[in-house]
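Visitor: Any chance you can model this:
(one chain, ligands or ions: 2)
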Amino acid sequence: MKTIALVGGIGSGKSTIAHMFAELGAGIINLDDVGHFVLTTPGVKYDIARTFGANVFDERGEVVRSRLAAAAFDTPEHTEWLNAITHPVIMQECRRRIGELGQLHDMVVVEVTTGVESKRDVRWADALVAVVAPACVRMERACARGDQSTVDVSRRIALQKTDAQLAAIADFTIDNGSDLESAQAEVKRVYDAVMAQ
Ligand SMILES: CC(C)(COP(=O)(O)OP(=O)(O)OC[C@H]1O[C@@H](n2cnc3c(N)ncnc32)[C@H](O)[C@@H]1O)[C@@H](O)C(=O)NCCC(=O)NCCS
Ligand SMILES: Nc1ncnc2c1ncn2[C@@H]1O[C@H](COP(=O)(O)OP(=O)(O)OP(=O)(O)O)[C@@H](O)[C@H]1O
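Guide: Numbering: from 1, shown residues only. Ligands and ions are numbered 1, 2, ... in the order given. Next comes the predicted model:
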């Protein structure tokens, strides 16, 4: 069984590409979803309450993500605190899901949105795959979804690694700058190459 870590900037098409891997038989995991799941677990909730206080919870005792983001992203130190609480649990849950899906699939693809500086950050993966598309295309796609403004998307693009930086650390690069058919061909090429490794 092979494991791929799939990275790419906002609107690059990570989820679209992950689903193309699924069509070829891969199991898929979205690390953001895992991050949201761990916020519902008792141990993480306890640590968040102790660190950020009761204000980041609703009346039913669930984390309000927008309040947690406001409390955790106001200073780099607070962000570190949140990451120290969540990241080990996210990785533990991710490994558990990889193991589970690995029983059913020859490949598991993990969509990773943030925090990959180098291959060392994804030691658990057999291959690091970057999805790239020109910034103007990504901007257009992300804005077309309608949930974020042009300013929000530009700010996120500016904070993220460039396509050249991602390509430099990746084992394989998938160009998702044009149509879906071309992207499918790219996915097949990478699927076969990783399976042959
Ligand atoms: C704080 C949480 C709950 C907010 O989650 P949510 O999905 O609702 O929003 P999102 O992550 O898109 O962030 C909300 C806003 O905060 C800002 N933001 C996000 N990440 C960062 C960051 N590292 N530094 C500064 N600002 C950030 C963005 O401007 C964004 O608009 C979430 O980011 C979290 O749990 N983070 C810690 C764990 C983690 O790193 N998860 C990612 C998967 S590994
Ligand atoms: N090759 C393509 N041609 C046309 N549209 C595309 C293509 N790839 C992705 N899209 C569309 O672009 C939008 C963004 O794609 P997707 O959600 O897969 O990106 P993402 O990298 O996972 O995004 P984010 O990180 O912002 O959540 C979606 O609406 C998707 O349908």
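Visitor: So the most far-flung residue of the chain relative to its centre: helix, strand or coil?
Guide: In the chain, counting by C-alpha atoms, centre = their mean, Glu59 sits farthest out from the average C-alpha position, at 29.5 Å. Under DSSP: H, G, I helix; E, B strand; the rest coil, Glu59 falls in the coil class.
Visitor: can you tell me how far it sits from Arg67?
Guide: To Arg67, Glu59 is 13 Å away according to C-beta to C-beta, to the nearest Å. Just so you know, the C-beta spots here come from the backbone N, C-alpha and C atoms, and that holds for glycine as well.
Visitor: Likewise for Arg96?
Guide: 28 Å.
Visitor: Which positions in the helix or strand bottoming out on mean pLDDT in the chain come out as buried?
Guide: In the chain, no helix or strand scores lower on mean pLDDT, DSSP states H and E than helix 150-159, which sits at a mean of 89. Neighbour counts using 16 or more other C-beta atoms under 10 Å place 153-154, 156-157 of helix 150-159 among the buried residues.
Visitor: And stretch 39-46, by the same measure?
Guide: Neighbour counts over stretch 39-46 (16+ other C-beta under 10 Å) mark 39, 44-45 as buried.
Visitor: Now render those residues as CSV, adding distance to ligand 2 and pLDDT.
Guide: As requested, the buried residues of stretch 39-46 are exported to CSV (distance: C-beta to the nearest ligand atom, whole Å; pLDDT from 0 to 100):
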residue, distance to ligand 2, pLDDT
Leu39, 18, 98
Val44, 23, 98
Lys45, 25, 98
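Visitor: ok, so of the residues you listed, who is nearest Ala71?
Guide: Ala71 lies nearest to Leu39 out of the buried residues of stretch 39-46, by C-beta to C-beta, at 13.0 Å.
Visitor: and the gap between the closest residue to the closest one other than its chain neighbours and ligand 2?
Guide: Counting by C-beta to C-beta, 6 or more residues apart in numbering, Val63 is the residue found nearest to Leu39 once chain neighbours are left out, at 4.5 Å. Remark: distance between Val63 and ligand 2 (C-beta to the nearest ligand atom, to the nearest Å) = 20 Å.
Visitor: And for Gln165?
Guide: According to C-beta to the nearest ligand atom, Gln165 and ligand 2 sit 16 Å apart.
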